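# coords please:
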Amino acid sequence: MSTDIVIQYIIIALLLLGAVYFLWRYISRKFLKKGKSDCEKNCGCS
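Numbers count the residues shown, from 1 in each chain. Predicted structure coming up:
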């Protein structure tokens, strides 16, 4: 079993986890936040 393949899989897994994490934070900020962002969410103003 080659360590190069294992390293490549680890790097790909870390990149995917990072992408999912940032997407989740972006979606949470954009859609799940209450309070001040209700105006932005409803009327689209920024």
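# name the single longest helix found in the protein.
helix 3-27 (DSSP state H).
# I'd like to know which elements it is packed against.
Contact partners of helix 3-27 among helices and strands, from 3 or more C-beta pairs under 8 Å, 6 or more residues apart in numbering; DSSP states H and E: none. Placement of C-beta: from N, CA and C, glycine included.
# count of residues packed around residue 7?
10 (other C-beta atoms under 10 Å).
# need the pLDDT of it.
With respect to pLDDT, residue 7 scores 97.
# and the gap between it and residue 17?
From residue 7 across to residue 17, the span is 16 Å (C-beta to C-beta, to the nearest Å).
# where in this structure is pLDDT low?
Residue ranges of the chain with pLDDT under 70: 1, 33-46.
# if we go to 80?
Within the chain, the segments meeting pLDDT under 80 span 1, 31-46.
# neighbours around residue 19, how many?
The burial count for residue 19: 10, using other C-beta under 10 Å.
# what about residue 9, neighbour count?
Other residues near residue 9 come to 10 when the count uses other C-beta under 10 Å.
# what's near enough to touch it?
The contact partners of residue 9, taken as C-beta atoms under 8 Å, 6 or more residues apart in numbering, number zero.
# can I get the CA coordinates of stretch 13-24 in CSV?
The C-alpha trace of stretch 13-24 is given here as CSV (Å, rounded to 0.1, in the frame of the first residue of the first chain):
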residue,chain,number,x,y,z
ALA,A,13,-10.8,14.8,2.5
LEU,A,14,-9.4,17.9,4.3
LEU,A,15,-10.3,20.1,1.3
LEU,A,16,-13.8,18.7,1.1
LEU,A,17,-14.3,19.2,4.9
GLY,A,18,-13.1,22.7,4.6
ALA,A,19,-15.4,23.5,1.7
VAL,A,20,-18.4,21.9,3.5
TYR,A,21,-17.5,23.9,6.7
PHE,A,22,-17.3,27.2,4.9
LEU,A,23,-20.5,26.5,2.9
TRP,A,24,-22.3,25.6,6.1
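# list the contacts of it.
Residues contacting stretch 13-24 (C-beta under 8 Å, 6+ apart): none.
# from here on, call the first residue 6.
Got it, first residue is 6 now, which makes that one stretch 18-29.
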